[in-house]
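>>> A structural model of the following input is requested.
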Amino acid sequence: MAAPASFNEAQKRRIVANAEYADKLLADIENILAGAEAGRLFRRHRPDLTPAQSRLVRSSITQFRRQLGRFLQAAAVDGESRRPRFGALHSILVTLAFVRIAVQEMAPEHLRGYGALEPDADAALRGVTNQLESMIAMLEAELRSGMGADLEDRLARGPEGGGIAALLRTLERIIREEDLTEFRPSMLRLVEKLESPHFELAVFGRVSSGKSSLLNRLLGSGVLPVGVTPVTAVPVRILYGETAELTVHFAGGRVERLPVEQLPVFATEEQNPANQREVLRLIVRLPSPVLEDGLVFVDTPGLGSLATTGAAETLSYLPRCDLGLVLVSAVTPLNEEDLATVDLLVRASTPAMVLLSKADLLNGHDLDRAMRYTASALRRELGVELPVAAVSVEEKHASLLEQWKRHSLQPVLERHKELAGESLRRKAHALRESVAAALRGRLEGAGGRIPRSELERTEDMLRRVAAGLEAARRDGLDVLDRLRGRGEELQRLALEQILGRRLSSNSEACGEALHKAAVQICNAAAEEIRHQLKQLCEVLSAALVEARHVMRPGAQPEGQESSCEEIRGVPVPALELLPRSVRMPAAGLPWAGRWFAAAALERQAGGALWRVLETYARSLESWLLRQLELLQRRFDAEAGVFRAEIARVLSAGEAATGHQARLEQWLQELERAGETEAAQPPQAGGETLTPTA
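Prediction:
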């Protein structure tokens with residue numbers, strides 16, 4: 001096309017505006033075609049075009065755009081003005097936020113003005129809104145992380161031939177081509193595990209037992225703050241990274257990446273008392289050689305009388321690590337708290353070791369006696385035989401640490417690689433069975449092996465029990481609202497304990513009574529929430545068992561549902577906000593003595609009591625929401641697969657003849673891939689894939 005006469009800037013803007021509008025109208029026509037042809041729930045247009053007409057419209061639009069584009073290029077108006085202003089990913093995420101709002105406004109509380117809802121209708125509506133919100137959240141999380149965008153490419157760069165990688169490649173292709181999106185989260189977790197099999201080594205112990213000093217020595221870095229001051233309620237995870245970096249996850253979803261030198265700002269009681277910054281997770285990345293093979297260290301908050309809210313987080317982390325190291329100072333005998341920590345590790349089936357730290361403070365004879373005493377105490381009190389070793393961070397006693405690493409730690413790490421490979425293989429085969437069951441459901445259609453009525457009942461049951469997640473959130477927040485308003489009740493309870501036990505003359509005893517009253521009020525609220533969560537967990541687990549019995553008769557559980565015993569790690573009140581001692585007036589007339597005592601208590605501790613309740617309510621709320629998120633994620637991991645499979649079978653009917661052949665071919669490929677992988681000799685740690693940049 002010959003270049004037209006030149007245009008000034010105002011003329012170019014006008015031309016571009018009209019061209020952009022014309023292009024938008026063409027896009028609207030394309031949407032009309034797509035909407036008439038696609039399976040939308042609410043169609044605006046009848047599909048009354050013939051296939052030939054649809055092709056004609058699309059072809060004409062293509063030619064129109066081609067001609068318009070050539071003119072704009074020749075007229076030199078195709079520069080900045082034609083560049084997209086928004087990314088597609090950003091626009092999709094914004095639109096999903098509006099979809100989430102639309103779903104939330106379907107909830108029963110938004111229908112109050114339209115008449116009373118029957119209990120069954122209320123439960124069904126809450127269940128479906130919970131299900132839809134979970135699907136939106138899952139899609140948003142994957143889009144934001146970008147982890148699954150290159151799943152096919154990551155698998156393609158893996159090792160050739162048979163084995164787990166080949167099985168996963170087959171599964172990925174089936175999931176992608178058959179639109180089995182409900183299996184993508186499980187698939188992504190398997191690929192991540194295959195690429196980077198982490199081994200989490202967590203260190204537990206009392207405040208000032210030397211946990212951070214030991215980890216600094218193992219890492220060859222002084223990144224972790226040390227001292228007698230307890231750390232906050234957040235374990236610090238230390239992973240390998242090309243550069244040193246600190247990632248802080250806050251309540252509410254905010255994430256900050258900071259220089260690693262700022263760790264003490266968030267991880268020490270001195271700079272973050274009672275976790276007032278509301279930190280959820282602290283992740284440190286270091287270019288340390290000891291971390292390159294997937295080893296992850298976890299520095300947990302200290303236990304014991306000096307510990308604050310961090311003790312609860314430490315105890316809740318116990319079942320999640322691969323190896324627990326319990327540090328006991330060599331100069332301090334094993335006590336009840338140490339034994340309780342070891343006992344929790346043992347009951348969680350987590351391998352454990354006991355290390356006597358600061359071994360340089362004892363001579364050889366005394367150190368041998370301390371090790372023998374510790375081993376016998378574990379045997380006597382807990383009935384377990386655990387490795388006990390002595391370590392020191394002092395340079396001249398470095399041989400103790402090296403000896404422990406070589407003789408105790410290294411064999412466990414090597415064994416873990418083998419166990420991780422077995423676990424990966426087991427989960428890959430469980431996914432294969434689930435995908436195969438979904439394909440068989442499509443092949444057989446609604447008239448297949450499971451009666452339609454049974455599928456509909458199972459779908460309704462899963463939807464209704466999901467409503468309990470929202471109910472638990474509302475009920476828990478109600479408990480916390482009541483807790484925030486119990487300041488006067490707490491003050492009266494403390495006063496009753498002080499006067500009833502005649503403690504007025506002892507200021508420290510009065511302070512202790514105040515602490516006990518605060519613990520009593522706070523523990524009652526925490527126990528009520530914990531009981532609600534445990535009941536919810538039992539209902540969700542029972543629903544998964546029932547659904548699995550219908551959808552996978554004879555199959556073994558995949559271990560996705562939450563163990564209700566894991567509802568632990570409830571935060572503890574920040575009693576350090578209360579005065580340690582309270583001075584009461586001298587005894588006088590009974591009525592006057594009570595009035596003056598109440599006034600003295602209000603003057604010295606009134607504000608602190610309200611602060612304790614508010615701080616604890618915030619800690620409990622954060623813990624409650626994390627527990628609900630965990631329950632939701634574990635429930636959806638299996639229930640989401642069943643829901644999608646039921647909906648697909650009930651809506652699709654019998655597969656077309658051509659598609660039937662394709663489904664049968666997929667099933668044969670899955671069977672061959674499973675047989676090929678089973679024939680492979682076991683490999684320590686499984687196979688590895690090249691991580692993405």
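>>> any idea where the strands of the stretch 101-250 of the chain begin and end?
Under the criterion DSSP state E, counting those that start in this stretch, the stretch 101-250 of the chain contains strands at 199-205, 236-240, 245-250.
>>> Format those as JSON lines; extra columns: distance to Tyr21, mean neighbour count and mean pLDDT.
(Each C-beta comes from the backbone N, C-alpha and C, glycine too.) Output for the strands of the stretch 101-250 of the chain, formatted as JSON lines (distance: least, C-beta to C-beta, whole Å; neighbours: other C-beta atoms under 10 Å; pLDDT from 0 to 100):
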{"stretch": "strand 199-205", "distance to Tyr21": "57", "mean neighbour count": "24", "mean pLDDT": "82"}
{"stretch": "strand 236-240", "distance to Tyr21": "51", "mean neighbour count": "21", "mean pLDDT": "86"}
{"stretch": "strand 245-250", "distance to Tyr21": "44", "mean neighbour count": "18", "mean pLDDT": "87"}
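>>> out of the ones you listed, nearest to Gly294?
Gly294 lies closest, by C-beta to C-beta, to one member of the strands of the stretch 101-250 of the chain: strand 199-205, at 5.9 Å.
>>> If you rank every helix and strand of this structure by mean pLDDT, what lands last?
Of all helical and strand segments in the chain, the minimum by mean pLDDT, DSSP states H and E falls on helix 310-317, at a mean of 49.
>>> what about the strands of the stretch 101-250 of the chain, which gets the closest to Val342?
Nearest to Val342, of all those, is strand 199-205, at 8.7 Å by C-beta to C-beta.
>>> Can you give me the neighbour number for Asn8?
Using other C-beta atoms under 10 Å, Asn8 has 7 neighbouring residues.
>>> okay, it: pLDDT?
Asn8 is assigned 78 on the pLDDT scale.
>>> Equivalent analysis for Gly606, please.
On pLDDT, Gly606 comes in at 78.
>>> so it sits right up against Gln491, yeah?
Yes: counting by C-beta atoms under 8 Å, Gly606 does reach Gln491; the two are 6.8 Å apart.
>>> who's more crowded, the two?
Comparing Gly606 with Gln491 by other C-beta under 10 Å, the one with more neighbours is Gln491, at 19 against 15.
>>> in what helix or strand does that one lie?
helix 487-500 (DSSP states H and E).
>>> same for the helix or strand following that helix, what does it pack against?
Per DSSP H and E, helix 487-500 leads on to helix 507-551 as the next helix or strand towards the C-terminus. Packing contacts for helix 507-551, counted by 3 or more C-beta pairs under 8 Å, 6 or more residues apart in numbering; DSSP states H and E, involve helix 452-484, helix 487-500, helix 590-652.
>>> And the last one, what does it pack against?
What that stands for is helix 590-652. For helix 590-652, the packing partners by 3+ C-beta pairs under 8 Å, 6+ apart come out as helix 119-145, helix 410-444, helix 452-484, helix 487-500, helix 507-551.
>>> Any idea which of the strands of the stretch 101-250 of the chain gets closest to Leu68?
Of all the strands of the stretch 101-250 of the chain, strand 245-250 sits nearest to Leu68, with 47.2 Å by C-beta to C-beta.
>>> Strand partners (parallel or antiparallel) of the closest one?
strand 255-258 (antiparallel), strand 279-286 (antiparallel) (DSSP bridges).
>>> can you list contacts of the first one?
To tie it back to what came earlier, the one meant is strand 255-258. Defining contact as C-beta atoms under 8 Å, 6 or more residues apart in numbering, one finds that strand 255-258 is touched by 245-250.
>>> what about it, average pLDDT?
Strand 255-258 comes out at a mean pLDDT of 88.
>>> ditto for stretch 69-82
On average, stretch 69-82 scores 66.
>>> same thing with stretch 629-639?
Mean pLDDT, stretch 629-639: 84.
>>> Counting neighbours, which bits of it end up buried?
Neighbour-count burial for stretch 629-639, counted by 16 or more other C-beta atoms under 10 Å, picks out 631-639.
>>> Likewise for stretch 366-378?
367, 370-371, 374-375, 377-378.
>>> could the residues you listed be laid out in TSV, adding secondary structure?
What follows is these, written out as TSV (DSSP: H, G, I helix; E, B strand; the rest coil):
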residue	secondary structure
Leu367	helix
Ala370	helix
Met371	helix
Thr374	helix
Ala375	helix
Ala377	helix
Leu378	helix
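>>> Just give me the closest of these to Met551.
Nearest to Met551 among these, with distances taken as C-beta to C-beta, is Leu378, at 44.9 Å.
>>> related to what we said a few turns ago, could the helices and strands packed on helix 507-551 go into JSON lines alongside distance to Ser399?
Formatted as JSON lines, those follow (distance: least, C-beta to C-beta, whole Å):
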{"stretch": "helix 452-484", "distance to Ser399": "52"}
{"stretch": "helix 487-500", "distance to Ser399": "54"}
{"stretch": "helix 590-652", "distance to Ser399": "42"}
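>>> closest one to Ala352 among those helices?
Nearest of the helices and strands packed on helix 507-551 to Ala352, taken as C-beta to C-beta: helix 590-652 at 23.4 Å.
>>> any idea of the angle that closest one forms with strand 245-250?
Interaxial angle of helix 590-652 relative to strand 245-250 (axes from the mean of the first three to the mean of the last three C-alpha atoms, to 10 degrees): 100 degrees.
>>> Can you give the distance of helix 590-652 from its chain's centre?
Mean-position distance between helix 590-652 and its chain equals 17 Å (C-alpha atoms, centre = their mean, to the nearest Å).
>>> Now the phi/psi pair for Met106, please.
Dihedral pair for Met106: phi -90, psi -10, per degrees, to the nearest 10.
>>> Same question for Ser357.
Note on Ser357: its backbone torsions stand at phi -80, psi 170 [degrees, to the nearest 10].
>>> doesn't Val391 make contact with it?
Yes: if you go by C-beta under 8 Å, Ser357 and Val391 touch, sitting 5.9 Å apart.
>>> May I have the residues that are in contact with Leu413?
199, 295.
>>> before we move on, back to that, would TSV of the strands of the stretch 101-250 of the chain with distance to Leu323 be doable?
Below are the strands of the stretch 101-250 of the chain laid out as TSV (distance: least, C-beta to C-beta, whole Å):
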stretch	distance to Leu323
strand 199-205	5
strand 236-240	14
strand 245-250	23
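>>> among those strands, which is nearest Ala74?
Among the strands of the stretch 101-250 of the chain, the nearest to Ala74 by C-beta to C-beta is strand 245-250 (49.5 Å).
>>> the inter-axis angle of that closest one versus strand 236-240?
140 degrees.
>>> Show me what strand 245-250 is in contact with.
So strand 245-250 is contacted by 255-260, 262-263, 266, 277-285 (C-beta under 8 Å, 6+ apart).
>>> remind me which residues of the stretch 201-350 of the chain are low pLDDT?
Low-confidence segments of the stretch 201-350 of the chain, defined by pLDDT under 70: 207-209, 226-234, 251-253, 274, 302-320, 347-349.
>>> er, the stretch 51-200 of the chain actually
Applying pLDDT under 70 to the stretch 51-200 of the chain picks out residues 77-86, 142, 144-151, 153, 156-162, 195-197.
>>> the helices in it, which residues?
With helices called from DSSP state H, counting those that start in this stretch, the stretch 51-200 of the chain shows them at 51-74, 88-104, 119-145, 151-156, 164-177, 184-195.
>>> tilt between the second one and helix 119-145?
Here helix 88-104 runs at an angle of 170 degrees relative to helix 119-145 (the same axes, to 10 degrees).
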